[in-house]
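**Q** Test case, fold it:
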Amino acid sequence: MSYIAENGIKAVCFDIDGTLYPKWETDWILFKTSFLHLPFALRYLKMRDTIRREDGYDDFPLITADEFKMRELEIMYPRKNKSLEWFKEKEKRVFHDRWEKEFLSIRMYDGMASFLSDLAKVVPVALLSDFPIGSKLKALRIEGVASYVISSEDIGRLKPSKLPFRLLYEHFGLRPEEVLYVGDSERKDVLGSKKAGMKSLLITKDKKKALRSSADIVVSSYKEMREKLL
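**A** Alright, predicted model coming up:
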């Protein structure tokens, strides 16, 4: 009997970056888009680490995208007179516009698209990213597979904050323990989802990470994931 059937799992949610396709592709795109604007990019990455540290695993109410952008701006430039409009345009020009083009070249792990399609016939599938979704689903050729797709930027909280995970199981009208979250990061994906009450699956080829993980399931490949879940 599969893990899904054995444990009463009624929805499976996936991290996107580093889980559906190699993390090095995200890192390479970030490097290319950051190189010409290095001071801004370094401030930006440090700011996101600050937000994760400040919010931790706590739950927070939903906030607007502009409220989130204002928080980012104030962390990056606490003593400088920068407007929200300036920040949004700068972020768009440095990152988002180029990401839209760069992400069209990403390729999903072999067999992942068919696995997601087969899984969606068994339980609803959702996708969550800490970055804007943009053209990713089109590039990965999985548009329409997931019944729910969210970016944590749109709700104002980055993983491992509880809010993104809570919205997942609330969307399906399920108890948190009825939802399995799949990701490649122990802190952001495994601990974030587990502290929200969900089940978790970590995918990693690192044997040390696998042994130390608190995930309910640890797999090293999508072939193994398919065997355990379907």
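**Q** did I read that right, Glu91 in a helix?
**A** Yes. Under DSSP: H, G, I helix; E, B strand; the rest coil, Glu91 sits within a helix.
**Q** SS state for Glu224?
**A** helix.
**Q** Tell me the pLDDT of it.
**A** We have a pLDDT of 95 for Glu224.
**Q** Quickly list what the residue nearest to Ala210 when sequence neighbours are not counted is bridged to.
**A** Nearest residue to Ala210 in three dimensions, chain neighbours excluded: Val218, at 4.7 Å (CB to CB, 6 or more residues apart in numbering). For every residue, glycine as well, the C-beta is placed using N, CA and C. Beta-bridge partners of Val218, counted by DSSP bridges, are Leu202.
**Q** What count of nearby residues applies to Val218?
**A** Using other CB atoms under 10 Å, Val218 has 21 other residues around it.
**Q** which ones are touching it?
**A** Counting by CB atoms under 8 Å, 6 or more residues apart in numbering, Val218 touches 201-204, 210.
**Q** So for the chain, the centremost residue is which one?
**A** Geometric centre of the chain, nearest residue: Ser129, 2.9 Å, by CA atoms, centre = their mean.
**Q** From Pro61, how far out is that residue?
**A** Separation of Ser129 from Pro61 (CB to CB, to the nearest Å): 21 Å.
**Q** which one of the contacts of Val218 is nearest Asp55?
**A** Set against Asp55, the nearest of the contacts of Val218 by CB to CB is Leu202 (21.5 Å).
**Q** which SS state does the nearest residue to Thr204 once chain neighbours are set aside fall under?
**A** The shortest distance from Thr204 to any non-neighbouring residue, by CB to CB, 6+ apart, is to Ala210 (5.6 Å). With three-state DSSP as the basis, Ala210 sits in helix.
**Q** And for the one 4 residues further on?
**A** Each residue gets one of three states, and Ser214 gets coil by three-state DSSP.
**Q** okay, Glu153: pLDDT?
**A** pLDDT, Glu153: 85.
**Q** Could you find the closest non-adjacent residue to it?
**A** Pro132 (6.0 Å).
**Q** Tell me which residues touch that neighbour, please.
**A** 96, 99, 151, 153-154.
**Q** Return the two entries of these that lie farthest from one another.
**A** Within the contacts of Pro132, Trp99 and Asp154 form the most distant pair, 15.2 Å apart (CB to CB).
**Q** out of those two, which sits in the busier spot?
**A** Using other CB under 10 Å as the criterion, Trp99 and Asp154 rank with Trp99 on top: 21 against 15.
**Q** a helix runs through the more buried one, doesn't it?
**A** Yes. Applying three-state DSSP, one finds Trp99 inside a helix.
**Q** for the residue located most distally from the centre of the chain, phi and psi?
**A** Taking CA atoms, centre = their mean, the residue of the chain most remote from its mean C-alpha position is Asn81, at 31.6 Å. When read as degrees, to the nearest 10, the backbone of Asn81 gives phi -90, psi 80.
**Q** what does Val125 give?
**A** Main-chain dihedrals, Val125, degrees, to the nearest 10: phi -120, psi 140.
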